[in-house]
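>>> take this sequence and fold it.
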Amino acid sequence: MPEKTRILVVDDDAQLVREVRAFLEQRGYAVTVAQDGLEALRLAAETAPNLVVLDINFPAPKSSKGRMLDGLEVLKRLRETDSTPILMLSATNISAVKVMALSAGADDYVSKPFELPELGARVEAILRRASHAVAGEKVLSFHRLRLDPGERRVWKDGELVDLTGLEFDILYTLALRPAHVFSRDAIIDRAWKGEALCVPQAVNVHIGHIRQKLEDDPSHPVFITTVRGSGYRFEDVPA
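Numbering: from 1, shown residues only. The predicted structure is shown next:
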């Protein structure tokens, strides 16, 4: 019997957690729950989830060092150690909060209140992207970069670059057509594959993350350049 996909749900709303857990388990997922940040980090390390559903607004108990562990801090801690997809939940629909979550490394964002089928669709879309490897996708080799879509890995000058799955998808989308200018909408359509409701600012945020990890000098990017008023393009930089 194939192993069930593991989902960690983190929220202090006990009623919501019960409903989300029952709904996801009905769909065949193995669900673990946490109600605060410390428990979330412990369970993430113990269970190695395939996806984390994380509330940004739960009360923040202090860590052993006295630091507040709200949802945003948990997100940042998780991003320090791995690239597990993270779906954020929030009681606010303010664009700035969405951008803040995406800037910290979230893959998608759902505003409360939400219908369970909407949450289920977002979960399925993120997991589909995380395991996505379309037949016929080819390894791309450039002067300094090598992108392998089967493993969703990228090497720069022979060294592995630690990108999240979504970051890889964005880079691969751009690298398929060097020097072609992609609008933000085009990047959303291809990298998110039309399966998530994405604010356009999310593209800027994720491009920034890629540049921080990939560029020699992120303030003067050469692999992914900005075409003002149009979008972004990938450049094959000579060694």
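
>>> list the contacts of the host helix or strand of residue 38.
Using DSSP states H and E, residue 38 sits within helix 37-47. With contact meaning C-beta atoms under 8 Å, 6 or more residues apart in numbering, helix 37-47 is reached by 6, 8, 10, 32, 34, 49, 52, 54, 58, 60-61, 63, 69-71, 73-74, 77-78, 84. Where you see a C-beta, it was placed from the backbone N, CA and C, and this is true even at glycine.

>>> which of these count as buried?
Those of those that meet the buried threshold are 6, 8, 10, 32, 34, 49, 52, 54, 58, 60, 69-71, 73-74, 77-78, 84, by 16 or more other C-beta atoms under 10 Å.

>>> residues in contact with residue 205?
Going by C-beta under 8 Å, 6+ apart, residue 205 touches 99, 102, 103.

>>> alpha carbons of stretch 232-239, as PDB, please.
Extracted in PDB, the C-alpha atoms of stretch 232-239 (Å, rounded to 0.1, in the frame of the first residue of the first chain):
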ATOM      1  CA  TYR A 232      11.500  39.400 -16.400                       C
ATOM      2  CA  ARG A 233      13.800  37.500 -18.600                       C
ATOM      3  CA  PHE A 234      16.500  34.800 -18.200                       C
ATOM      4  CA  GLU A 235      20.000  35.400 -19.500                       C
ATOM      5  CA  ASP A 236      22.600  32.700 -20.200                       C
ATOM      6  CA  VAL A 237      25.600  34.300 -18.500                       C
ATOM      7  CA  PRO A 238      29.100  33.300 -19.800                       C
ATOM      8  CA  ALA A 239      31.400  31.700 -17.400                       C
END
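
>>> can you give me the strands in the protein?
Remark: strands assigned in the chain by DSSP state E are 6-10, 30-34, 51-55, 86-90, 108-111, 140-141, 145-148, 153-156, 159-161, 224-227, 231-234.

>>> can you flag the weakest of the ones you listed by average pLDDT?
In terms of average pLDDT, strand 108-111 trails the rest of those, at a mean of 88.

>>> show me what contacts residue 19?
Listed by C-beta under 8 Å, 6+ apart, the contact set of residue 19 reads residue 116.
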